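Participant: the following block contains a protein sequence and its predicted model.
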Amino acid sequence: MKFDAQVGVVGAGPAGARAAELLAKLGAEVLLFDPRIPWEKPCGGGLTFSAFHSIPDLGGVIPLTQRIESVRVEGVGTTLTIPLERPLYILSRTALARWQLERATAAGATLLQTAVRGIGRVKGGWELELAEQQSKRVELLVGADGAASRVRRSIAPELQIELAPTRVAYVPGPGTNPGQIGLRFFPDAQGYAWDFPRPDHRSIGIGIAPGIWSRPRMDEEVNRYCSAVGAVDFVDVARAGAVIGTAARRHDRRYTWIGRESWALLGDAAGFADPATGEGIQNALRSAKFLAEAYAENRRFSAYASIARKHFDREFAISRQIRKLLYTGTFTNQLIEFAARSPSGYAIVRALMDGGNVHDPMLLRRLLRSWWNVCLSGNASDEIAHVSAS
C-alpha cells in the first residue's frame, strides 16, 4: 500500500510539533496536521525551571518570556510572598507554539493546516480523513490533539482521563509586579486561581476539578480575583476556556493504552498534565522526547509506553498524593495561616513552591533543605517578613 508519509502527527501544539521535529531529525517523513496553529490555549503558560533542564532547547524561548522570581500565595485572610530558589518563566502559548512549529518545519516536517475528521485502519497503517473528501495515509500515527483528543477517542477509547476545566481572562498590561505570579486557593473547591504576568498582558484564570463549578461560577471567581488584585481592565477582555488532561486517575497498567507499535498519544491527549498543579507543557515536551527515543530503537513506537511509565509513574503517584493533601477541605488555607506565624509552616510552603518549580518528586528531601534554610540558618525573621495579612 502506498503511504503519503511514514508518520502523521495530529495536533501541532508543543507536544505534536516537538515530536514532529525530533522524528524528522531521525529521518522520518512527517506530516503535521492542525487547522489553527499557532493559537492561544487558555492556561497560564508557565515554564518551570526544570523544563529548561530536561529540554535544553527551550533556552531559545527565554527572550519571549517574563522571568518570575517570587510567588504570592493567598488563602482566606492571609497572603504569603515566597521567593523562588530558581526562576520560572511565563509566555504566551501562541509564542511557544510558533517557536516550536518553526523548529519542526525547519527539521523537515510538513505542516498541513487542516483538520483530521476521521481515523481508520488500513493495511500497514492509518488513513486520516481530511476536509473536502481528501485523505492521507501514514504508517505511524501520533495523537497530540489535546485533552479532548479525537485520536484517543478513535483508537484508545479505554483510556479515560480526567478533563479538568479552566477559564481565563487576558488582561492588558504586566500588572504592578511583573516578576511575581499569584495563586489563590479556595476553601470549598479542589483548584486554584492564578495571575501569571506575560510580556505584554496577564493570564488570570482558574483551574478546578471537574464537576464542581459551572462556567458562570468560574467566570465570577475570575472577575472577583481580578478586582482583588487591581486588574481594572478585566470586564471587556477576551475570555476563553478549555479542559486539560491530567493524570489524576492512575495510569498503572493502562500505560499500554497510550501507545503501541504503530500509534502513540502525547501530552494532554495521554493525560500527562500534572495532577496537582495542572501544568502540562513540560510533560508534553517530555512525552515527545520519549516517543523519539522509542522510534530510534526500531523506527516504531513499541517501547514508548514503557519509557513513559518509567519516567512518569512515580512522579504522578506522588503528585496525586500532594493533590489530595492540598485540595481537601480547608487544609491549604490552614497551612497558609500556619506559615504566616511559624517558620516551620513557612518552610513547608516554600518547599512546595520550589519543589513544583524544579520538578523534584522527593518532597521530604526538599522539606529538610527548606527547613535548614529557613529555620536553622538564622534567616527565619527575614523570610517571615515577606508575610502580609490581607
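Facilitator: Perfect, I can see it now. Numbers count the residues shown, from 1 in each chain.

Participant: who does the host helix or strand of residue 21 touch, helix- and strand-wise?
Facilitator: Assigned by DSSP states H and E, residue 21 belongs to helix 14-25. Based on contacts counted as 3 or more CB pairs under 8 Å, 6 or more residues apart in numbering; DSSP states H and E, the elements that helix 14-25 packs against are strand 5-10, strand 30-33, helix 93-106, helix 281-298. Where you see a C-beta, it was placed from the backbone N, CA and C, and this is true even at glycine.

Participant: alpha carbons of the second one, as CSV, please.
Facilitator: In this case it means strand 30-33. Listed next in CSV are the C-alpha coordinates belonging to strand 30-33 (Å, rounded to 0.1, in the frame of the first residue of the first chain):
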residue,chain,number,x,y,z
VAL,A,30,6.4,13.6,8.9
LEU,A,31,3.0,15.2,8.2
LEU,A,32,1.8,17.6,10.9
PHE,A,33,-2.0,18.3,10.9
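
Participant: hmm, who's touching the following helix or strand past that strand?
Facilitator: Sequence-wise, the next helix or strand downstream of strand 30-33 (DSSP H and E) is strand 46-47. Outside strand 46-47, the residues that touch it by CB atoms under 8 Å, 6 or more residues apart in numbering are 58, 61, 65, 68, 88-91, 181, 196, 279, 281-282.

Participant: sheet partners, orientation included, of strand 46-47?
Facilitator: Strand pairing for strand 46-47, using DSSP bridges, gives strand 78-90 (antiparallel).

Participant: would you mind listing the buried residues in the partner strand?
Facilitator: Residues 78-82, 84-85, 87-90 are the ones in strand 78-90 that count as buried (16 or more other CB atoms under 10 Å).

Participant: can you lay out the helices and strands packed on helix 14-25 as CSV showing mean pLDDT and distance to residue 318?
Facilitator: Listed next are the helices and strands packed on helix 14-25 as CSV, based on pLDDT from 0 to 100; distance: least, CB to CB, whole Å:
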stretch, mean pLDDT, distance to residue 318
strand 5-10, 98, 30
strand 30-33, 98, 34
helix 93-106, 95, 27
helix 281-298, 97, 14
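
Participant: what pLDDT does the spatially closest residue to residue 300 that is not a sequence neighbour get?
Facilitator: Nearest residue to residue 300, sequence neighbours excluded (CB to CB, 6 or more residues apart in numbering): residue 261, at 4.9 Å. At residue 261, the model reports a pLDDT of 97.

Participant: contacting residues around residue 261?
Facilitator: With CB under 8 Å, 6+ apart, residue 261 has these contacts: 300-302.

Participant: okay, and it sits in which element?
Facilitator: Here residue 261, judged by DSSP H and E, is contained in no helix and no strand.

Participant: do you know how far residue 156 is from residue 143?
Facilitator: Residue 156 is 8 Å from residue 143, where distance means CB to CB, to the nearest Å.

Participant: and stretch 303-311, which residues are buried?
Facilitator: 303-305, 307-309.

Participant: likewise for stretch 241-255?
Facilitator: 242-248, 251, 254-255.

Participant: ditto for stretch 201-213
Facilitator: 201-209, 213.

Participant: before we move on, back to that, most neighbours among the contacts of residue 261, which one?
Facilitator: Counting neighbours by other CB atoms under 10 Å, residue 301 leads the contacts of residue 261 with 25 neighbours.

Participant: next one: the closest residue to that one other than its chain neighbours relative to residue 141, how far apart?
Facilitator: Computed as CB to CB, 6+ apart, the closest residue to residue 301 that is not its neighbour in sequence is residue 264, at 4.6 Å. According to CB to CB, residue 264 and residue 141 sit 8 Å apart.

Participant: higher neighbour count, the two?
Facilitator: Using other CB under 10 Å as the criterion, residue 264 and residue 141 rank with residue 264 on top: 33 against 24.

Participant: to the chain's geometric centre, what's the distance from the host helix or strand of the more buried one?
Facilitator: Residue 264 is part of strand 263-265, with elements assigned from DSSP H and E. Distance of strand 263-265 from its chain centroid, counting by CA atoms, centre = their mean, to the nearest Å, is 19 Å.

Participant: can you list contacts of that strand?
Facilitator: Residues outside strand 263-265 that contact it (CB under 8 Å, 6+ apart) are 126, 140-144, 149, 151-152, 155-156, 159, 258-259, 291, 294, 301, 304.

Participant: these two touch, right, residue 108 and residue 30?
Facilitator: Yes. Assessed by CB atoms under 8 Å, residue 108 is found in contact with residue 30 at 7.1 Å.

Participant: overlap in contacts of the two?
Facilitator: Residues touching both residue 108 and residue 30 (CB under 8 Å, 6+ apart) are residue 24.

Participant: so for these two, which residue has more residues nearby?
Facilitator: Using other CB under 10 Å as the criterion, residue 108 and residue 30 rank with residue 30 on top: 29 against 15.

Participant: contact partners for the closest residue to the more buried one other than its chain neighbours?
Facilitator: Distances taken as CB to CB, 6+ apart place residue 109 nearest to residue 30, at 4.1 Å, with adjacent residues excluded. Remark: with contacts taken as CB under 8 Å, 6+ apart, residue 109 is in contact with 9, 17, 20-21, 23-24, 30-32.
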